[in-house]
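Asks: Provide a 3D model corresponding to the input given below.
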Amino acid sequence: MRMQHDPKHVLSFMTAVTTGTIRAAADQLELEPSTVSRNITALEKQLATALIERGRKGVMLTEAGSLLMGYIQRQKGELEALRSQLDALANMERGTVSVALGEGFLGDFTQSVLTKFSQDHPEISYTLDVGATDHVTNRIFEDRSHVGLAFNVPSDPRLNVVAQTKHPLAVICRRNGKFDTSPSVDVKDLSHFPCGFLKRGYGVSAVIAEMEVSHGFRARGVLETGSIMALKEFVKNDLGVTLLPEFVVAEDIKAGILRPRNISIANFGSGSATLFIRQGRSLPLAAQKLLHAMSKYLVALKE
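Replies: Residues are numbered from 1 along each chain as shown. Just a heads-up that it's a prediction; the model follows:
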C-alpha cells in the first residue's frame, strides 16, 4: 500500500483525533467543520476503511485509525531522528525540544536546568506542556512530547524511566498560621483540617487516596483544583492546609512563608519524581542533551 496522501487530509485527521472533535479541529486549523469532515472522508475513501467514529462525545479512533495514527507518529519520530543525525554530522546544535511536566516541577526545571542549558545551547528552542500526571504520560505515549517529568507515574512497559527519586508527602501550612501548631500532624487531624487537594489524574491525589484506604481516614477536602498555584494561595491565606512533596513549595519554605509538617506515621505516603521517555523512541540530539541535563541538575531528582 502506497502511503502517499494529501497532507491536508492527514492533518485534518490528526487534529480531529488530538483535539477530540471535528469542530475543535476546525477552530485550530481555521477551517470550516464541513471541510475538516470532507478531508477525513477523502482519506478514509483512499484507504477504503473507516478511521474514526463520530459520536456525542466527539471522535474516537477505529482500529484502522489507531494503526494509521501509530504509523504517522513513527514516521514523524524517524524524520526527527534523521534531522538530528544530519545536524550532528554538521556539528550543529539546534532544534526544538518538547517537554511535558507537572506544574510542581516548573520552577525546578526553569531554575536548575533551563537557565544554564539555554546559555550553553542557544540554538535549541523549547515547548513546555504543563499538566497532570495522566496528561504528561499520554503526551509521551503519543509522541507529542520528547521528555516527560511527573510525580507518582504508574509503572508501564511503554515508558523508559531515566531517573526516579522518592519523595514523602508533607502537610504544608502557613508559617505561624493557625494550622502551624506543632512539628508533626496526627493523621486523624486531616479529618478536621480544611484541606486543599489536586484533582484526580495528578500523582499526588493518587498517593493521598491510597493512604486514606491504608490508614482508615478521610481527609476533609474543601478545595479541589488542577492548579498548584491555587493550592499555594489557599495555604498562604491560612484557609487550610495541603499535602504536597516539599520540593514543590521549596522556595516558599525558604522564604519563610510556608512550613512543612511531617505526618506522625512512618512512611505515611510517598511517590516518585520520575523523568522518562517513550520506550524505544530515538530522540533527536537536542532532546538527548536536554534529557541528560535534566537527569543531572534537577533538584527533585537528587537523593
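Asks: The biggest strand by length in the chain pairs with which strands?
Replies: Longest strand in the chain by number of residues (criterion: DSSP state E): strand 159-174. Strand 159-174 has the following strand partners under DSSP bridges: strand 241-245 (antiparallel), strand 258-263 (antiparallel), strand 270-278 (antiparallel).
Asks: mind putting those in a markdown table, mean neighbour count, mean pLDDT and distance to R56 included?
Replies: From N, CA and C alone the C-beta is placed, and that goes for glycine too. Below are the strands paired with strand 159-174 laid out as a markdown table (neighbours: other Cβ atoms under 10 Å; pLDDT from 0 to 100; distance: least, Cβ to Cβ, whole Å):
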| stretch | mean neighbour count | mean pLDDT | distance to R56 |
| --- | --- | --- | --- |
| strand 241-245 | 26 | 94 | 36 |
| strand 258-263 | 20 | 90 | 44 |
| strand 270-278 | 22 | 94 | 31 |
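Asks: And those: which comes nearest A150?
Replies: Evaluated over the strands paired with strand 159-174, closeness to A150 peaks at strand 270-278, with 6.0 Å, by Cβ to Cβ.
Asks: Alpha carbons of the closest one, as PDB, please.
Replies: Output of strand 270-278 as PDB, limited to C-alpha atoms (Å, rounded to 0.1, in the frame of the first residue of the first chain):
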ATOM      1  CA  SER A 270       5.200   8.900  49.100                       C
ATOM      2  CA  GLY A 271       5.600   9.000  45.400                       C
ATOM      3  CA  SER A 272       8.500   9.400  43.000                       C
ATOM      4  CA  ALA A 273       9.600  12.300  40.900                       C
ATOM      5  CA  THR A 274      10.100  10.500  37.500                       C
ATOM      6  CA  LEU A 275      11.900  11.500  34.400                       C
ATOM      7  CA  PHE A 276      11.000   9.400  31.400                       C
ATOM      8  CA  ILE A 277      10.700   9.000  27.600                       C
ATOM      9  CA  ARG A 278       8.800   6.500  25.500                       C
END
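Asks: measure H215 to A209 for me?
Replies: Distance of H215 to A209, computed by Cβ to Cβ, to the nearest Å: 12 Å.
Asks: Okay, helices next: where are they in the chain?
Replies: Assigned by DSSP state H, the chain shows helices spanning 7-19, 22-29, 33-47, 63-89, 106-108, 115-120, 133-141, 203-215, 228-236, 250-254, 285-297.
Asks: The fifth one - contacts with which helices or strands?
Replies: Helices and strands touching helix 106-108, by 3 or more Cβ pairs under 8 Å, 6 or more residues apart in numbering; DSSP states H and E, are helix 250-254.
Asks: and if we set it to 6 Å?
Replies: Contact partners of helix 106-108 among helices and strands, from 3 or more Cβ pairs under 6 Å, 6 or more residues apart in numbering; DSSP states H and E: none.
Asks: what's the answer for the second one, then?
Replies: The helices and strands touching helix 22-29, judged by 3+ Cβ pairs under 6 Å, 6+ apart, are helix 7-19, helix 33-47.
Asks: list the buried ones in it?
Replies: 22, 24-26, 29 (16 or more other Cβ atoms under 10 Å).
Asks: Would you mind giving these as CSV with distance to T127 and pLDDT added?
Replies: Output for the buried residues of helix 22-29, formatted as CSV (distance: Cβ to Cβ, whole Å; pLDDT from 0 to 100):
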residue, distance to T127, pLDDT
I22, 25, 88
A24, 19, 88
A25, 20, 87
A26, 23, 88
L29, 19, 88
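Asks: ok, the residues you listed vs R54, which is closest?
Replies: Nearest to R54 among those: I22, at 7.2 Å, using Cβ to Cβ.
Asks: Pull the contacting residues for that closest one.
Replies: 16, 33, 36-37 (Cβ atoms under 6 Å, 6 or more residues apart in numbering).
Asks: need the helix or strand of this protein with the lowest average pLDDT.
Replies: Taking mean pLDDT, DSSP states H and E as the measure, helix 63-89 is the helix or strand of the chain with the lowest mean score, a mean of 75.
Asks: so that one versus helix 285-297, what angle?
Replies: 80 degrees (axes from the mean of the first three to the mean of the last three Cα atoms, to 10 degrees).
Asks: Would you mind listing the buried residues in helix 63-89?
Replies: Residues of helix 63-89 classed as buried: 65, 68-69, 72-73, 77, 80-81, 84, 87 (neighbour count, 16+ other Cβ under 10 Å).
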